[in-house]
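>>> Any chance you could fold what I've pasted below:
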Amino acid sequence: MLTDKQKEKLNEFRDVFIEYPIISTVFNDFDRLRLGKGLAGEKPCMLLNGDTGTGKTALIKQYKERHLPQFINGVMNHPVLVSRIPSNPTLESTLAELLKDLGQIGSTERKLRINSTRLTTSLIKCLKTCGTELIIIDEFQELIEHNQGKKRREIANRLKYINDEAGVSIVLVGMPWAEKIADEPQWSSRLLVRRQLPYFKLSENPKHFVQLIIGLANRMPFTEKPNLSEQATVFALFSLSKGCFRTLKYFLDDAVLYALIDNANTLTTKHLVKAFDVLFPDVLFPDVPNLFTLPVAEITASEVERYSLYKPESAQDEDPFIATKFTDRMPISQLLRK
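Purely as a prediction, here's the structure:
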């Protein structure tokens, strides 16, 4: 069992945030958009998409925590408003969600009985009063999935109106198919900044993955920082995660847990081996021994080939969601030569 102190250390590592290059780029984008609040002219908007597990929500949370609401001259100032598209959204529920996240207290049912025009007027007024400089809307793919045609255009057009009238840039965040919003005439020219949070790929920027591993190791709660940068360890971590940050972090969280249970001074191969045995049974890696017991030459891996898709035009008996496609497993040396 863990002591309270060990639980505290484990929780600190579970919440750790690593700012690698694409994250820094996105944060700089956000900062530039916020600068436009006090300037003349149209306020450009941004589209940020990424497949599941790339860290979109963690990125948004971290940026919001760096710019928390605060009282200024007796008014609660919200420089960065973070909201989300509700499941199966309507125009009214979307506007009500934005108002709620801006701190406007009241019954959701009562707000939904108010027509969309009054909700819009109230939202624009609150955005100006609260000094909001940037609106970030997460889960934007919900709008693509549940509102085809007229309803989708209605919500998209209203957000455009809010962008104009409140003079605030809007960032739309979601799965890869959130980019379909660019098909709407009102948005195609507004999305001047478009970014994608990718999976890590050994065939493109292997050093970025190594830097991520080193950054995570340096933030582990041990008196002696573990050495996870050896080739065999790096390649094993890539193999099990396929370059997905969420999978990698979940695995290392578990390995750190076992090291803390052992009262170890650092994370060792023994803890990586145990975490792999627990989290990746034979059904997930058939005929593959524990990756952390293999020499470099015997480690195989795959990386992303195509991100997930959503095709609403699929036949009625077909799933419109198409899973992420990865390459066949191959020796690491072959991946590095791609």
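
>>> From now on I want contacts and neighbour counts done on CA atoms only, so please keep to that.
OK.

>>> quick one: buried residues of stretch 78-86?
By 16 or more other CA atoms under 10 Å, the buried positions in stretch 78-86 come out as 78-86.

>>> any chance you could map the helices in the stretch 101-250 of the chain?
For the stretch 101-250 of the chain, applying DSSP state H, counting those that start in this stretch gives helices covering 108-113, 116-129, 141-146, 150-166, 185-188, 206-218, 231-241, 245-261.

>>> mind putting the ones you listed in a markdown table, mean pLDDT included?
Below are those laid out as a markdown table (pLDDT from 0 to 100):
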| stretch | mean pLDDT |
| --- | --- |
| helix 108-113 | 52 |
| helix 116-129 | 92 |
| helix 141-146 | 84 |
| helix 150-166 | 89 |
| helix 185-188 | 81 |
| helix 206-218 | 96 |
| helix 231-241 | 96 |
| helix 245-261 | 97 |
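
>>> Narrow the buried residues of stretch 78-86 to those in strands?
80-84 (DSSP state E).

>>> distance of S203 from A178?
To A178, S203 is 26 Å away according to CA to CA, to the nearest Å.

>>> Next: A58.
18 Å.

>>> who has more neighbours, these two?
Using other CA atoms under 10 Å as the criterion, A58 and A178 rank with A178 on top: 23 against 15.

>>> What number of residues are in the vicinity of the residue lying closest to that one once chain neighbours are set aside?
Nearest residue to A178, sequence neighbours excluded (CA to CA, 6 or more residues apart in numbering): Q141, at 4.6 Å. Q141 has 23 neighbouring residues, counting by other CA under 10 Å.

>>> Over to A40?
Based on other CA under 10 Å, the number of other residues close to A40 is 8.

>>> any idea how far it lies from K180?
Distance, A40 to K180, by CA to CA: 29 Å.

>>> do the same with I155
Taken as CA to CA, the span from I155 to K180 is 14 Å.

>>> Neighbour count: the two, which is higher?
Counted by other CA under 10 Å, I155 and K180 do not tie: I155 has more neighbours, with 19 against 14.

>>> quick one, what contacts the closest residue to that one other than its chain neighbours?
The shortest distance from I155 to any non-neighbouring residue, by CA to CA, 6+ apart, is to L91 (5.3 Å). Residues in contact with L91 (CA atoms under 8 Å, 6 or more residues apart in numbering) are 116, 151, 154-155.

>>> Stretch 294-301: which residues count as buried?
In terms of neighbour count (16+ other CA under 10 Å), stretch 294-301 has its buried residues at 296, 299-301.

>>> Let me fix that, I meant to ask about stretch 252-270.
Result for stretch 252-270 [16+ other CA under 10 Å]: buried residues 252-260, 266-268.

>>> what does stretch 178-186 give?
In stretch 178-186, counting by 16+ other CA under 10 Å, buried: 178-179, 181, 186.

>>> Switch these over to a markdown table; also include distance to L48.
A markdown table is the format used below for those (distance: CA to CA, whole Å):
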| residue | distance to L48 |
| --- | --- |
| A178 | 9 |
| E179 | 8 |
| I181 | 12 |
| Q186 | 18 |
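
>>> Mind picking the two most distant members of the residues you listed?
A178 and Q186 (15.1 Å; CA to CA).

>>> Please name the residues that touch T324.
51, 304-309.

>>> Now it: closest residue in space, sequence neighbours ignored.
S308 (4.1 Å).

>>> Could you measure from that neighbour over to T327?
Counting by CA to CA - S308 and T327 are separated by 14 Å.

>>> So if I had to pick from the two, which one is more boxed in?
The neighbour count for S308 versus T327, taken as other CA under 10 Å, is higher for S308 (17 against 13).

>>> that older thread, any idea how far S116 is from the residue nearest to I155?
Distance, L91 to S116, by CA to CA: 7 Å.

>>> repeat for L216
Taking CA to CA as the measure, L216 falls 46 Å from S116.

>>> Likewise for E165?
Per CA to CA, E165 is found 15 Å from S116.

>>> higher neighbour count, those two?
The residue with more neighbours, out of E165 and S116, is S116; 19 against 15, by other CA under 10 Å.

>>> quick one: the more buried one from L257, how far?
49 Å.

>>> and stretch 24-41, what's its mean pLDDT?
Averaging pLDDT along stretch 24-41 gives 90.

>>> can you give me the strands for the chain?
Going by DSSP E, the chain shows strands at 45-50, 70-72, 75-77, 80-84, 134-138, 169-174, 191-197, 300-301, 304-306, 309-310, 321-322, 325-326, 330-331.
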